[in-house]
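K.L.:
Here you go, sequence then predicted model.
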Amino acid sequence: MRIDVLTLFPQMIEPVLKHSILKRAQEDKHVDIRIHDFRDYSEDKHMRVDDTPYGGGAGMVLKAQPVVDTLRSIENSDHALKILMTPQGKPYTHERAQTLIKNDHLIILCGHYEGFDERIRAYFDIEISIGDFVLTGGEIAALALIDSVVRLLPDVLHNSESNKDDSFASGLLEYPQYTRPRIFEGNSVPDVLLSGHHENIEAWRREKALERTKERRPDLYEKYIKKQDK
Ligand code: ADE
């Protein structure tokens, strides 16, 4: 997969890509991530990328020209899925991540300032929000999206890091996990996990996943139960 990110703050994104699974996924050529500073494409003599809003009001608005020219500089951008990160977008989910990996090429725009010129929207296919809160810009949101997509690409995770039991993958939150020691500050690991009885362990994990989902995310629980009933 190829991912291009349009941002005014490459320094907010680049360091995160240099660690852990994102780093390995790039080294192993599962993903090619390129960062573009769209200030470089500003035609303004002071390299400005924002301006005051028509009609007045507080704050600055991102201009269309630098964004559109950056998009045009990316080879084969016509065939890419172009994503706008904005709190006004559709809420992001694991399900959406699973559909995004079907694309060979994603282009992601990180907004900044009070907003962007409405005409920018016409150049993008979808708008995504990572939650009902407002970030200072789209960079952290773009990183969350990239991380969640890259780990789902074939062969990015090794067996020991498998994503098949991810919370949400099954429609349920993940079951509780334990590791050594058996007793930590008086708290023991549930006996069933030490039993070596695989069926019982499976059953216990399923029960705990159901319990946890029902308690914390009744919305997901209802959806899951309805799907089972079908
Ligand atoms: N930019 C600012 N806030 C955001 C959010 N919640 N999701 C995506 N992009 C954003």
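P.N.:
Thanks, I have it.
K.L.:
ok but residue 40 is inside a strand, no?
P.N.:
No. Assessed with DSSP: H, G, I helix; E, B strand; the rest coil, residue 40 is helix; it does not lie in a strand.
K.L.:
Identify the residues contacting it.
P.N.:
Contact analysis of residue 40 by Cβ atoms under 8 Å, 6 or more residues apart in numbering lists residue 70. Glycine gets a C-beta too; all of them are placed from N, C-alpha and C.
K.L.:
Try it again at 10 Å.
P.N.:
8, 10, 47, 49, 66, 69, 70, 73 (Cβ atoms under 10 Å, 6 or more residues apart in numbering).
K.L.:
Go ahead and confirm the fifth one touches residue 112.
P.N.:
Which is residue 66. No. Look at residue 66 against residue 112 with Cβ atoms under 10 Å: they stay out of range, at 11.6 Å.
K.L.:
More neighbours: the two, which one.
P.N.:
When residue 66 and residue 112 are compared for neighbours, residue 66 comes out ahead with 23 against 18, by other Cβ atoms under 10 Å.
K.L.:
So that one belongs to a strand, correct?
P.N.:
No. If the criterion is three-state DSSP, then residue 66 is helix and not within a strand.
K.L.:
Distance from the longest strand seen in the chain to the middle of the chain?
P.N.:
Selection of the longest strand in the chain by residue count, based on DSSP state E, yields strand 81-91. Here strand 81-91 is found 11 Å from its chain centre; the criterion is Cα atoms, centre = their mean, to the nearest Å.
K.L.:
how close does the most centrally placed residue in the chain get to the ligand?
P.N.:
For the chain, the residue nearest the mean C-alpha position is residue 145 (1.6 Å; Cα atoms, centre = their mean). For residue 145, the distance to the ligand (Cβ to the nearest ligand atom, to the nearest Å) stands at 8 Å.
K.L.:
Compute the first-to-last residue distance for stretch 210-222.
P.N.:
Separation of the first and last residues of stretch 210-222 by Cα to Cα, to the nearest Å is 11 Å.
K.L.:
Break down the chain into its helices, ranges please.
P.N.:
10-13, 20-27, 64-73, 94-100, 139-150, 198-216, 218-229 (DSSP state H).
K.L.:
Kindly compare burial across those and name the winner.
P.N.:
A comparison of those by mean neighbour count, using mean count of other Cβ atoms under 10 Å, puts helix 139-150 on top with a mean of 21.
K.L.:
As PDB, could you dump the C-alpha coordinates of that one?
P.N.:
Listed next in PDB are the C-alpha coordinates belonging to helix 139-150 (Å, rounded to 0.1, in the frame of the first residue of the first chain):
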ATOM      1  CA  GLU A 139      -2.000  15.000  12.200                       C
ATOM      2  CA  ILE A 140      -2.700  12.900  15.300                       C
ATOM      3  CA  ALA A 141      -5.900  11.700  13.700                       C
ATOM      4  CA  ALA A 142      -4.100  10.800  10.500                       C
ATOM      5  CA  LEU A 143      -1.500   8.800  12.600                       C
ATOM      6  CA  ALA A 144      -4.300   6.900  14.300                       C
ATOM      7  CA  LEU A 145      -5.800   6.000  11.000                       C
ATOM      8  CA  ILE A 146      -2.400   5.000   9.400                       C
ATOM      9  CA  ASP A 147      -1.500   2.900  12.400                       C
ATOM     10  CA  SER A 148      -4.900   1.100  12.500                       C
ATOM     11  CA  VAL A 149      -4.700   0.400   8.700                       C
ATOM     12  CA  VAL A 150      -1.100  -0.700   8.400                       C
END
